[in-house]
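A.B. asks: pasting the structure only:
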């Protein structure tokens, strides 16, 4: 039985071209980018070229890109680094109840450190409201952090509206764009974004590398100490091999963006059509018209998450109940709790399926048929 991967929102397989370029660099370039000799200069040139590609991908300047170990570190640096460096201006932070735990738990840490944090509500369409941001703003607000696309529902948030709203306020605007990057066209200047987090492994790049865009002039306190790498904002010898792999993944994502979006959207439609053909009762969590192409979060009434995930795995289907970072936990999805309330059945019978490069029309269709059989068996309708 073929194992079918429908969990691309958790991570994606590396593109063969990414593997090839990383292998070449790993063989030929081992110098430390901080070294002044020829070996170091060769590594520095590759790192600078990668940084320039990443900057151009979001309409930024290369000086505004900070390499990190991934999205989690980028979120931590954005929230903690900005909060600590700007505490003299205020101590209020605004975020949402549905943020990835990398941002949510960081906000909770800042609360314990004496900052005041407002957690905006999420509505049943899976979105927050820009009006709620406006109402929550005070003279003490120094940072607003709202994810671009929710990782569990795939719902695009009103980032552009929030950016426009904050143009008349001194608060910085951060967005976790991990699920949006590579699929949506992002221009940080046009959107009014001051800080933006990205991770390479979500776009067929390597794990263990990401970046934080920090607009020039933003006061940002470093969180780790050592050398003067990344313009003194993030100490540590740079990961040149992964940076070049990240660069290649970005180049491919930009080149193939339109094709990938259309293809993954077609996979989603096929999946849903097969479920309908098989007479499966289901509902989609969030506004499907506001979803990115790769993610769909589906409720199957009469089932429960743990039972579903076990049966899916036994039948060779890789899916998720939400964030991979909470896999194995019996806790309900905090995103669905925020949307529907802690007593809603939606939080215990919903599964996230996410499509990507490891899929074909054939295996998506086959996966949907297997899912249908499982649902029929579990709800005793088969």
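C.D. replies: That came through, no problem. Just so it is clear, the structure is predicted and the values come from calculations on it, not from any experiment.

A.B. asks: how about the helices in the protein?
C.D. replies: Using DSSP state H, the helices assigned to the chain run over residues 16-28, 38-57, 71-76, 82-85, 101-112, 130-136, 159-166, 188-191, 229-232, 240-277, 305-314, 334-340, 361-378.

A.B. asks: out of those helices, which gets nearest to residue 148?
C.D. replies: helix 159-166 (5.3 Å; CB to CB). Quick note: C-beta positions are derived from backbone N, CA and C, even for glycine.

A.B. asks: what's the domain layout of this protein?
C.D. replies: With domains defined by automatic domain parsing, the chain comprises 4-12+257-378, 16-251.

A.B. asks: which one of those has the lowest average pLDDT?
C.D. replies: Of all those, the minimum mean pLDDT falls on domain 4-12+257-378 (a mean of 93).

A.B. asks: so how far is the first residue of that one from its last?
C.D. replies: With CA to CA, to the nearest Å as the measure, domain 4-12+257-378 spans 20 Å from end to end.

A.B. asks: next, count neighbours for residue 304.
C.D. replies: With neighbours defined by other CB atoms under 10 Å, the count for residue 304 comes to 14.

A.B. asks: one step back: including mean neighbour count, could the helices of the chain go into JSON lines?
C.D. replies: Shown next, in JSON lines, are those (neighbours: other CB atoms under 10 Å):
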{"stretch": "helix 16-28", "mean neighbour count": "15"}
{"stretch": "helix 38-57", "mean neighbour count": "18"}
{"stretch": "helix 71-76", "mean neighbour count": "25"}
{"stretch": "helix 82-85", "mean neighbour count": "21"}
{"stretch": "helix 101-112", "mean neighbour count": "18"}
{"stretch": "helix 130-136", "mean neighbour count": "16"}
{"stretch": "helix 159-166", "mean neighbour count": "19"}
{"stretch": "helix 188-191", "mean neighbour count": "16"}
{"stretch": "helix 229-232", "mean neighbour count": "16"}
{"stretch": "helix 240-277", "mean neighbour count": "19"}
{"stretch": "helix 305-314", "mean neighbour count": "16"}
{"stretch": "helix 334-340", "mean neighbour count": "24"}
{"stretch": "helix 361-378", "mean neighbour count": "18"}
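
A.B. asks: how about these in a markdown table, adding distance to residue 179?
C.D. replies: Converted to a markdown table, the helices of the chain look like this (distance: least, CB to CB, whole Å):
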| stretch | distance to residue 179 |
| --- | --- |
| helix 16-28 | 19 |
| helix 38-57 | 15 |
| helix 71-76 | 9 |
| helix 82-85 | 21 |
| helix 101-112 | 12 |
| helix 130-136 | 19 |
| helix 159-166 | 12 |
| helix 188-191 | 16 |
| helix 229-232 | 24 |
| helix 240-277 | 13 |
| helix 305-314 | 21 |
| helix 334-340 | 12 |
| helix 361-378 | 20 |
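
A.B. asks: so which of the ones you listed gets nearest residue 205?
C.D. replies: The nearest among the helices of the chain, by CB to CB, is helix 240-277 at 3.3 Å.

A.B. asks: which residues touch the most centrally placed residue in the chain?
C.D. replies: In the chain, the C-alpha nearest the mean C-alpha coordinate belongs to residue 178, at 2.6 Å (CA atoms, centre = their mean). By CB atoms under 8 Å, 6 or more residues apart in numbering, the contact set of residue 178 is 71, 100, 147, 151, 197-199, 202, 210.

A.B. asks: between the residues you listed, which is nearest residue 159?
C.D. replies: When those are compared for distance to residue 159 (CB to CB), residue 147 wins out at 8.6 Å.

A.B. asks: list the contacts for that closest one?
C.D. replies: 96, 98-100, 103, 157, 175-179 are the contacts of residue 147 under CB under 8 Å, 6+ apart.

A.B. asks: ok, 7 Å please
C.D. replies: 99-100, 103, 157, 175-176 (CB atoms under 7 Å, 6 or more residues apart in numbering).
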